[in-house]
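Engineer: fold the following for me, if possible:
(chains A and B)
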Amino acid sequence: MFNDPITKGLKSGWKHQDASRLNDHIHYECDVAVIGTGAGGGIASEILAKSGLSVALIEEGPLKSSTDFKMLESDAYPDLYQESAVRTTKDKSIKILQGKTVGGGTTINWTTSFRTPQLTLDYWNKHFSIQGASEQELLSWFEQIEKKLGISKWSVPPNTNNSLLAKGAKKLGIKTHSINRNVRGCFNLGYCGLGCPTNAKQSMLVTAIPEALKNGAKLFTRTRAKKLIFSDGKAQSLECDALNDNGTHLSGKKVIIHANLFVLSAGAIGSPALLLRSGAPDPYQLIGKRTFLHPVTISGAIMPNKVNADLGAPQTIYSDDFISKSLEEKKASYKLECPPVHPVLLSTVIGAHGMTHRKIMEKMSYLQVIISLQRDGFHPESIGGTVKLKDDLTPTLDYPITKYMWDGFKRSLLTMSEIQFAAGAVKVFPIHRGSQEYSSWNDAKAAIKNFPMKKLYAQLASAHVMGGCAMGENQKQSVVNSNGKHHHINNLYVIDGSIFPTSIGANPMESIATFSQKLSADLAKKMP
Amino acid sequence: MTNRRTFLKITITSVLMLGVLRFALGPFALLKEKKYLLNKTYNFLTAKDHLMLTAIIPVMLKTSIKLNIKEINKIINNIDITIYGLPLELQKELRELFTILQFPVTRRLLAQVWSPWSQTKENEIESFLNSWRKSKLSLLRGAYQGLNELIFASYYSQPESWKSIGYDGPPKIL
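Structural biologist: The predicted model follows:
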């Protein structure tokens, strides 16, 4: 079997409390409570624990590790994803894939690693007063994270799904590049999204979190952070609800964490929601605003030969030719990548039924699929969504879609179809309820131009949630300062994807980990 | 235009009516349904849900090989497990959707399904699914998405469904 650092570590005495097993309420005292265990909280807990502080790590999801990862969608979605992978925006128009397990999104992402694009940093520099976020100032931090997470060039040839993106693009004069991945000794299986069974993926689960636990941190799982208690301008404690063992119902037991410092790393929906529930000071009503998604459109193609897009590293080729090169974006920009194709993921995005649906399913091994990720937040008509609380105080994201964005989605469907025909597709079916299968680029082009662009017609999805607690020095624009410190509560930091003032314009894991590395190192130095 | 306005009016009226009826009959309706649950014990689904899903599933899936009742029951069982694992707010929404689809007045008005689910014809269900899929109301398009995802996820997560779509399952690594 593969070495599982988690099961081994637990045997050696790492501290873990699965809150679903609690028979009573508990109180726990520590120096720092880190809420969330993804790229933000994972790295923060490692650095703070190594600096000699006692750390509690709070995770809503379960502790699952390589021993549990069987590459089955039936296990992975309910176990490892928020809302069993059926989370959507408030009006249901965008599906949101988000991690809910120890390691957060890093446990289930597709290993795609990009530095924060220079243009994104330049845009922040121009429009948001953030200190220490120039490319030069971040360089050594990117390098540290790349070393820690094994982020490097992937030298194995791309799978057929990705190589067809490269092939079609090349024929049309569209440039593509290869994607760096955070893996060591990868078997090239292609099931990254269901949890890596071989621990090749250098997620938080096998990197930062074991380091934190080795250094005495205590991990609480099935523990939902409910509310921070403030008094005297400080966060005093964190009230959490223990969940039952399938994670849906509260068990009735409470976990109360008393700490000197609170680091909020619950992701771009979870972090704003916790601040809202806690009634954190918010004089300019900014908490939860400008939450971004990189909304995705999808195009499927039936190829003459087998593609087997379930096998092999899922994302290895991308194109940025449709991302604006100017700081003033004139129309919505998008990145092109490929997704893996697994039966549940595929069958639930098609948005049709009966024979139309079945015919596509029967061609599954011949399918080539491209996705476009719209870079939201770089234009006055692309201002993201707002995290709100439902009646039961769980969060929802209200994300309106503007004309400006719809135009980008339509252009992306055209781009992807054209590439797929250029790559030799027999048929192309843009994922849209007004769509059919098209046999030529001309037919597809004419049809797509007339697609009604409205919600729940075009199937939209997101795997990247960012923003909602923007950082910056201007208090009228931001929730936390450039160090991640809350503007009004001195012992409360936000360190995760929610501090970004726009979307990243690239898969965000490396950006989140890098900012966490930098902000957490600064924070550790400040602690007595 | 008149059509659309009338449709909207009917929709709003029926949704309101449903609210009142649910309030009035809610607890009793549930008790009654429990009696029909013979051997099956579900976490979420009721006997009426079972009948409704038994009718909808074959139309939604349309596999080339006709599903037998045992296979359909297994899909329904998976649906129950899936729903039980969802956040409570989502479970509440699904309960509302299923109630709308089962209460005769709303079933006729919103889904245009005239006979009870145990007696509906395939083409009637097909046109219900088609009309919700491209409904003018985004609420109904969203409800279609919900039903669609529940049924397909519960079917294609089963290894039995893989062979007929040419999927070999996850690679063997040991």
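Engineer: correct me, but A:D282 touches A:L275?
Structural biologist: Yes: look at A:D282 against A:L275 with C-beta atoms under 8 Å: they come within range, at 7.4 Å. C-betas here are computed from N, CA, C, even on glycine.
Engineer: list residues touching both of those two?
Structural biologist: Listed as contacting both A:D282 and A:L275 by C-beta atoms under 8 Å, 6 or more residues apart in numbering or on different chains are A:V479.
Engineer: have a look at these two and say which one is more surrounded.
Structural biologist: The neighbour comparison of A:D282 against A:L275 (other C-beta atoms under 10 Å in any protein chain shown) goes to A:L275, with 27 against 17.
Engineer: not counting its neighbours along the chain, what's nearest the more buried one?
Structural biologist: A:I287 (4.9 Å; C-beta to C-beta, 6 or more residues apart in numbering or on different chains).
Engineer: give me the neighbour count for residue 73.
Structural biologist: Going with chain A. Count around A:E73 with other C-beta under 10 Å applied: 21.
Engineer: my bad, chain B
Structural biologist: 16.
Engineer: using the three-state scheme, assign it.
Structural biologist: Of the three states, B:N73 takes helix according to DSSP: H, G, I helix; E, B strand; the rest coil.
Engineer: tell me the pLDDT of it.
Structural biologist: Looking at B:N73, its pLDDT is 95.
Engineer: can you give me the distance of it to B:L45?
Structural biologist: 11 Å (C-beta to C-beta, to the nearest Å).
Engineer: anything in contact with each of these two?
Structural biologist: With the criterion set as C-beta under 8 Å, 6+ apart, the contacts of B:N73 and B:L45 do not overlap.
Engineer: follow-up on the earlier one: phi, psi of the residue nearest to A:L275?
Structural biologist: phi -60, psi 130 (degrees, to the nearest 10).
Engineer: then the one 10 residues further on?
Structural biologist: Reported as degrees, to the nearest 10, the phi and psi values for A:T297 are phi -110, psi 160.
Engineer: re the thing from before, does the residue nearest to A:L275 touch A:C469 like I think?
Structural biologist: Yes: A:I287 is within contact range of A:C469, at 6.5 Å (criterion: C-beta under 8 Å).
Engineer: so what's in contact with those two at the same time?
Structural biologist: Common neighbours of A:I287 and A:C469, counting by C-beta under 8 Å, 6+ apart, are A:P272, A:L275, A:V479.
Engineer: dump those residues to a markdown table, plus secondary structure, pLDDT and distance to A:A217.
Structural biologist: Below are the shared contacts of A:I287 and A:C469 laid out as a markdown table (DSSP: H, G, I helix; E, B strand; the rest coil; pLDDT from 0 to 100; distance: C-beta to C-beta, whole Å):
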| residue | secondary structure | pLDDT | distance to A:A217 |
| --- | --- | --- | --- |
| A:P272 | helix | 98 | 25 |
| A:L275 | helix | 98 | 23 |
| A:V479 | coil | 98 | 26 |
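Engineer: top strand in chain A by residue count?
Structural biologist: Criterion DSSP state E: the longest strand present in chain A is strand A:250-264.
Engineer: from B:E126, how far off is B:Y155?
Structural biologist: According to C-beta to C-beta, B:Y155 stands 18 Å off from B:E126.
Engineer: now A:Q475
Structural biologist: For A:Q475 relative to B:E126 (C-beta to C-beta), the value is 57 Å.
Engineer: for A:A422, same thing?
Structural biologist: A:A422 sits 36 Å away from B:E126, going by C-beta to C-beta.
Engineer: what about these two, which has more around it?
Structural biologist: The neighbour count for A:A422 versus B:E126, taken as other C-beta under 10 Å, is higher for A:A422 (18 against 15).
Engineer: OK, contacts around the more buried one?
Structural biologist: A:K167, A:G168, A:A169, A:K171, A:L172, A:W441.
Engineer: change it to 7 Å
Structural biologist: A:G168, A:K171, A:L172 (C-beta atoms under 7 Å, 6 or more residues apart in numbering or on different chains).
Engineer: how close does it get to B:N78?
Structural biologist: A:A422 sits at a distance of 40 Å from B:N78 (criterion: C-beta to C-beta).
Engineer: before we move on, back to that, which of A:I287 and A:C469 has more neighbours?
Structural biologist: Between A:I287 and A:C469, A:C469 has the larger neighbour count (other C-beta under 10 Å), namely 32 against 24.
Engineer: so the more buried one sits against A:Y493, correct?
Structural biologist: No: at 10.3 Å, A:C469 does not count as touching A:Y493 under the criterion of C-beta atoms under 7 Å.
Engineer: ok, A:N161 - how many residues close by?
Structural biologist: 29.
Engineer: I'd say it and A:E337 touch.
Structural biologist: No: in this structure, A:N161 is not within contact of A:E337 by C-beta under 7 Å, at 10.4 Å.
Engineer: any regions of the chain where pLDDT drops low?
Structural biologist: Using chain A. Scanning chain A for pLDDT under 70 picks out A:1.
Engineer: not quite, go with chain B.
Structural biologist: Checking chain B against pLDDT under 70 turns up B:1-40, B:174.
Engineer: what do you get if the cut-off is 80, keeping everything else the same?
Structural biologist: B:1-40, B:63-65, B:174 (pLDDT under 80).
Engineer: what does it put close to chain A?
Structural biologist: B:59-60, B:62-63, B:82, B:85-90, B:126, B:129, B:133-134, B:138, B:141-142, B:145, B:148-149, B:152-153, B:156-157, B:162, B:165-167, B:170-171, B:173 (C-beta under 7 Å from any C-beta of the partner chain).
Engineer: just the buried residues of these.
Structural biologist: Neighbour-count burial (16 or more other C-beta atoms under 10 Å in any protein chain shown) is assigned, among those, to B:59-60, B:62-63, B:82, B:85-87, B:90, B:129, B:133, B:141-142, B:145, B:148-149, B:152-153, B:156-157, B:165, B:167, B:170.
Engineer: hmm, back to that, show only the entries of the contacts of A:A422 found in helices.
Structural biologist: If you go by DSSP state H, these have A:G168, A:K171 in helices.
Engineer: what about the helices in the stretch 251-400 of chain A?
Structural biologist: For the stretch 251-400 of chain A, the helices defined by DSSP state H, counting those that start in this stretch cover A:267-278, A:343-347, A:354-362.
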